[in-house]
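Student: Have a look at this fold, sequence not included:
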């Protein structure tokens with residue numbers, strides 16, 4: 001499949017299951033979230049528009065890919081999907097969409113079914129809901145820097161008033177999960193380990 005109309009490319013990155021046994025799979029290569037039914041049928045669920053590139057960077061292209069990475073259920077049948085963005089991976093260019101199948105046709109590609117939930121993030125790789133129903137996100141890095149001197153990553157909480165840092169100084173966090181007791185688990189790609197983060201007072 002080539003839903004976004006660009007080059008044929010597939011890189012399944014993350015998935016989440018709904019209560020009906022469907023898997024929603026983010027394909028970072030196809031810039032698409034696919035729905036995989038229990039019988040194995042694969043259909044596009046959402047196709048993401050490109051992201052504008054800061055013209056001050058002087059790059060020869062005006063847009064880059066959304067690149068869906070993190071995905072989680074919203075607790076009410078909808079989905080949150082984060083975009084890492086493609087090169088140049090600019091600070092503050094990453095975002096989270098909220099997806100709903102409002103008309104019940106099996107996708108979130110009709111008017112009003114894909115809405116911006118949060119922006120201003122940087123290189124988001126994973127999403128999860130905490131025990132209070134608040135969205136958490138991992139940022140692969142927290143700001144602009146050359147890759148040979150990459151800034152540390154972090155876990156942030158997405159609130160109505162903005163982003164709150166839950167844990168920082170992380171090494172390329174790529175996976176995120178929350179235990180029933182509120183413990184936050186983060187995989188660190190380049191470090192090759194999984195951290196258990198317990199937030200004081202929670």
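Tutor: In hand now; what should we look at? Since this is a predicted model, take the numbers as computed values, not measurements.
Student: average pLDDT for stretch 54-74?
Tutor: Stretch 54-74 carries an average pLDDT of 91.
Student: Buried ones in it, by neighbour count?
Tutor: Buried positions in stretch 54-74, judged by neighbour count with 16 or more other C-beta atoms under 10 Å: 64-73. In short, each C-beta sits where N, CA and C put it, glycine included.
Student: Residue 92: which of those residues is nearest?
Tutor: Lowest distance from residue 92 to those (C-beta to C-beta) belongs to residue 64, with 13.6 Å.
Student: what's the spacing between the closest one and residue 84?
Tutor: Remark: distance between residue 64 and residue 84 (C-beta to C-beta, to the nearest Å) = 10 Å.
Student: Check residue 91 too.
Tutor: Distance, residue 91 to residue 84, using C-beta to C-beta: 13 Å.
Student: Those two - which one has more neighbours?
Tutor: residue 84 (25 against 18; other C-beta atoms under 10 Å).
Student: The more buried one contacts residue 28, correct?
Tutor: Yes: using C-beta atoms under 8 Å as the test, residue 84 is close enough to residue 28 to be in contact (7.1 Å).
Student: Now do the same contact list for the residue nearest the centre of the chain.
Tutor: Per C-alpha atoms, centre = their mean, the C-alpha nearest to the average position across the chain is that of residue 82, at 2.3 Å. If a contact means C-beta atoms under 8 Å, 6 or more residues apart in numbering, then residue 82 has 68-71, 94-97, 121, 124-127, 137 as its contacts.
Student: now swap in residue 104 and tell me
Tutor: Counted by C-beta under 8 Å, 6+ apart, residue 104 has zero contacts.
Student: With residue 77 as the reference, measure out to it.
Tutor: 11 Å.
Student: Out of the buried residues of stretch 54-74, which is nearest to residue 14?
Tutor: Distances from residue 14 to the buried residues of stretch 54-74, taken by C-beta to C-beta, are shortest for residue 71, at 5.3 Å.
Student: distance of that closest one from residue 165?
Tutor: Distance from residue 71 to residue 165, by C-beta to C-beta: 22 Å.
Student: one step back: which among the contacts of residue 82 gets closest to residue 152?
Tutor: Among the contacts of residue 82, and counting by C-beta to C-beta, the member closest to residue 152 is residue 125, at 13.5 Å.
Student: just checking, that closest one touches residue 140?
Tutor: Yes: with contacts counted by C-beta under 8 Å, residue 125 reaches residue 140, the gap being 4.9 Å.
Student: shared neighbours, those two?
Tutor: Going by C-beta under 8 Å, 6+ apart, residues that sit against residue 125 and also against residue 140 are 84, 173-174.
Student: Just the ones of those in strands?
Tutor: Cross-referencing the shared contacts of residue 125 and residue 140 against strands under DSSP state E gives 173-174.
Student: From the shared contacts of residue 125 and residue 140, pick the one nearest residue 195.
Tutor: residue 173 (8.2 Å).
Student: my guess is the closest one meets residue 124, correct?
Tutor: No: using C-beta under 8 Å, residue 173 makes no contact with residue 124, being 10.0 Å away.
Student: Could you name every residue contacting both of those two?
Tutor: With C-beta under 8 Å, 6+ apart, residue 173 and residue 124 have common neighbours 138-140.
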